[in-house]
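**Student:** build me a structure from this.
(chains A and B)
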Number of protein chains: 2
Amino acid sequence: MLRKRNKPDITIHHLGVSQSDRVVWLMEELGLPYKLKWHNRSPEGLMPPDYLDLHPAATAPVIQDGDRTLTESAVILEYICHKYADGKLTVGPDQPNYYDYLYWMHFHNSILGLFFVSGALRMQSSPDTERMRGFMKKREDRYFNYLNQRLGEVPYLAGDAFTCADVLLMFDLTFLAGQGLSSVDALANIKAYVARIAQRPAYIKAMQIAGPAAKAPAA
Amino acid sequence: MLRKRNKPDITIHHLGVSQSDRVVWLMEELGLPYKLKWHNRSPEGLMPPDYLDLHPAATAPVIQDGDRTLTESAVILEYICHKYADGKLTVGPDQPNYYDYLYWMHFHNSILGLFFVSGALRMQSSPDTERMRGFMKKREDRYFNYLNQRLGEVPYLAGDAFTCADVLLMFDLTFLAGQGLSSVDALANIKAYVARIAQRPAYIKAMQIAGPAAKAPAA
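**Tutor:** Next up, the predicted model:
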């Protein structure tokens, strides 16, 4: 008997240099078909009007699957894995490493927050901003030292197997960390992890298609 | 035959005025026993040394359950509900509103990020900070307008039923929003939702025990 399978009808709305590259990477990991629609930022780095119209929150990434529109990386990754890959690359509450998986699935947004605060604080210097800068640097160091410790104990964030948590965090470690978060450079386990993940064929292909250095195809 | 049930041995490490009050609230919602250990901030608002020693990331909240230590609100809430309440107040991949639930479980960290950035930008004024302030205000407005729209359609964040997503967001809407995020005041659906949630007996009890206005019990 033929088993009926859902067929994805996914369009990834790719905002040039943005977190949507990780959705492309996931599709390549899973070998699933997708359409990629480029949206170029304005010269000031802002989202174009057609991108703003996609979702009320107007955050990147956004995907459409048929008439369903989703945003927020962690949600999109879980959606695709559950709907089209029988939960592959996810971890559920019945597995012992579920809470590790969840922790690292949320870690990304903490790093993103630090990245924006760090950008805001670099714009100015006063006793208040220096005090806050010190406070945020301590927090950043604790986060990255903890990540480095974790990657000395297990090969992937959630444990023995590659999961969505790894897909989620790679953009932060390669792109965001280089934009002003200084803590990563001296941490050997994080560096080795990034180098290892960067060799995955699906990652290499996805970065060629939609990574920070990729260009929109000619119209 | 008696069914063996896990018995929680949970200590909530409560950093005075912090997000750990939502863990107290959850335990009251579920009627589960817990111990509360107060950690008072320094006069400058910093975490005391014994709190920093609890977890490498040194974020609040932190709980201990036997010899297990957990941090990150969303993880702690899921852990308690799955381990001690058969998944009550959570939503799983087999339910149609799973992706709504996930979205709002992650929304909280976006608001927390905005809160920190907004604090950093209020410290000084320059053309750069004004430009970024405008950018962040737009993002803030979009987030809160989307939340307000959602709460005009459904009674709770994940849909028809009260879930961990509601427990997660209340601190943001009551405490963080009042510390410089201005967008909430004029949004009727959010205001009505907050007023309604604030009437839950478990919430009222938890805020008396560990809310922003609560005091550590005399030693």
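**Student:** surely residue A:120 meets residue B:124?
**Tutor:** No. In this structure residue A:120 lies outside contact range of residue B:124 using C-beta atoms under 8 Å: 9.5 Å. Quick note: C-beta positions are derived from backbone N, CA and C, even for glycine.
**Student:** and those two? Which one has more around it.
**Tutor:** Shown here are residue A:120 and residue B:124; by other C-beta atoms under 10 Å in any protein chain shown, residue A:120 has more neighbours (26 against 17).
**Student:** please identify the helix or strand for that one.
**Tutor:** Taking DSSP states H and E as the criterion, residue A:120 maps to helix A:98-122.
**Student:** report the residue ranges of every domain in chain A.
**Tutor:** The record's domain parsing of chain A by automatic domain parsing lists A:10-88, A:98-203.
**Student:** what average pLDDT does the longest one get?
**Tutor:** I take that to be domain A:98-203. For domain A:98-203, mean pLDDT rounds to 91.
**Student:** got the contact list for residue A:205?
**Tutor:** For residue A:205, the contact set (C-beta atoms under 8 Å, 6 or more residues apart in numbering or on different chains) comprises residue A:28.
**Student:** next one: residue A:178
**Tutor:** Contact partners of residue A:178, counting by C-beta under 8 Å, 6+ apart, are absent.
**Student:** and it, its phi and psi?
**Tutor:** Backbone geometry at residue A:178, expressed as degrees, to the nearest 10, gives phi -80, psi -10.
**Student:** circling back to that earlier point, now do the very next helix or strand once past the helix holding residue A:120 against helix B:127-153, angle only.
**Tutor:** Downstream of helix A:98-122, the next assigned helix or strand under DSSP H and E is helix A:127-153. Angle, helix A:127-153 to helix B:127-153, by axes from the mean of the first three to the mean of the last three C-alpha atoms, to 10 degrees: 70 degrees.
**Student:** now helix A:127-153, how far from the centre of its chain.
**Tutor:** Distance of helix A:127-153 from its chain centroid, counting by C-alpha atoms, centre = their mean, to the nearest Å, is 20 Å.
**Student:** mind listing what's buried in that helix?
**Tutor:** For helix A:127-153, a neighbour-count test (16 or more other C-beta atoms under 10 Å in any protein chain shown) marks A:129, A:132-133, A:135-137, A:139-140, A:142-144, A:146-148, A:150-151 as buried.
**Student:** nearest to chain B among those residues?
**Tutor:** Chain B lies nearest to residue A:146 out of the buried residues of helix A:127-153, by C-beta to the nearest C-beta, at 4.0 Å.
**Student:** any idea which residue sits dead centre in chain A?
**Tutor:** With distances taken as C-alpha atoms, centre = their mean, residue A:168 lies nearest the centre of chain A, 3.4 Å away.
**Student:** leaving out chain neighbours, which residue sits closest to that residue?
**Tutor:** Leaving out its chain neighbours, the residue that sits closest to residue A:168 by C-beta to C-beta, 6 or more residues apart in numbering or on different chains is residue A:108, at 4.7 Å.
**Student:** of the buried residues of helix A:127-153, which is the nearest to residue A:195?
**Tutor:** residue A:151 (11.5 Å; C-beta to C-beta).
**Student:** look up how far residue A:103 lies from that closest one.
**Tutor:** According to C-beta to C-beta, to the nearest Å, residue A:151 and residue A:103 sit 14 Å apart.
**Student:** by how many degrees do the helix holding residue A:120 and helix B:127-153 diverge?
**Tutor:** Angle, helix A:98-122 to helix B:127-153, by the same axes, to 10 degrees: 140 degrees.
**Student:** and helix A:98-122, what does it pack onto?
**Tutor:** Packing partners of helix A:98-122 (3 or more C-beta pairs under 8 Å, 6 or more residues apart in numbering or on different chains; DSSP states H and E): helix A:73-84, helix A:127-153, helix A:164-174, strand B:68-71, helix B:73-84, helix B:98-121, helix B:127-153.
**Student:** what about the fourth one, near chain A?
**Tutor:** Yes. Where contact is defined by C-beta under 8 Å from any C-beta of the partner chain, part of strand B:68-71 touches chain A, namely B:70, B:71.
**Student:** which residues sit against that strand?
**Tutor:** Identification of contacts with strand B:68-71 by C-beta under 8 Å, 6+ apart yields A:99, A:103, B:54-55, B:57, B:59-64, B:76, B:79.
**Student:** how about it: buried residues?
**Tutor:** B:70, B:71.
**Student:** convert that strand to PDB, retaining C-alpha atoms only.
**Tutor:** Output in PDB follows, covering the C-alpha atoms of strand B:68-71 (Å, rounded to 0.1, in the frame of the first residue of the first chain):
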ATOM      1  CA  ARG B  68      19.600  18.500  38.000                       C
ATOM      2  CA  THR B  69      20.100  22.200  37.400                       C
ATOM      3  CA  LEU B  70      18.200  24.100  34.700                       C
ATOM      4  CA  THR B  71      18.000  27.600  33.400                       C
END
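**Student:** that one pairs with which strands?
**Tutor:** Partner strands for strand B:68-71, per DSSP bridges, with pairing direction: strand B:62-65 (antiparallel).
**Student:** name the residue of chain A that lies nearest to chain B.
**Tutor:** For chain A, the residue closest to chain B is residue A:113, as judged by C-beta to the nearest C-beta, at 3.1 Å.
**Student:** wait, that residue touches residue B:112, no?
**Tutor:** Yes. With contact defined as C-beta under 8 Å, residue A:113 reaches residue B:112; the gap is 6.3 Å.
**Student:** among these two, which residue is more densely surrounded?
**Tutor:** Remark: of residue A:113 and residue B:112, residue A:113 carries more neighbours, 21 against 18, as counted by other C-beta under 10 Å.
**Student:** next up, the contacts around that one.
**Tutor:** Contacts of residue A:113 by C-beta under 8 Å, 6+ apart are B:109, B:112, B:113, B:116, B:117.
**Student:** redo that, cut-off 7 Å
**Tutor:** Residue A:113 makes contact with B:109, B:112, B:113, B:116, according to C-beta atoms under 7 Å, 6 or more residues apart in numbering or on different chains.
**Student:** greatest separation within these: which pair is it?
**Tutor:** The span of these, defined through C-beta to C-beta, is set by B:109 and B:116 at 10.8 Å.
**Student:** which single one of the contacts of strand B:68-71 is nearest to residue A:22?
**Tutor:** For the contacts of strand B:68-71, the residue nearest residue A:22 by C-beta to C-beta is residue A:103; the value is 18.2 Å.
**Student:** contact partners for the closest one?
**Tutor:** Residue A:103 makes contacts with B:72, B:75, as judged by C-beta under 7 Å, 6+ apart.
**Student:** count of neighbours near residue A:20?
**Tutor:** The tally of other residues near residue A:20 (other C-beta under 10 Å) stands at 26.
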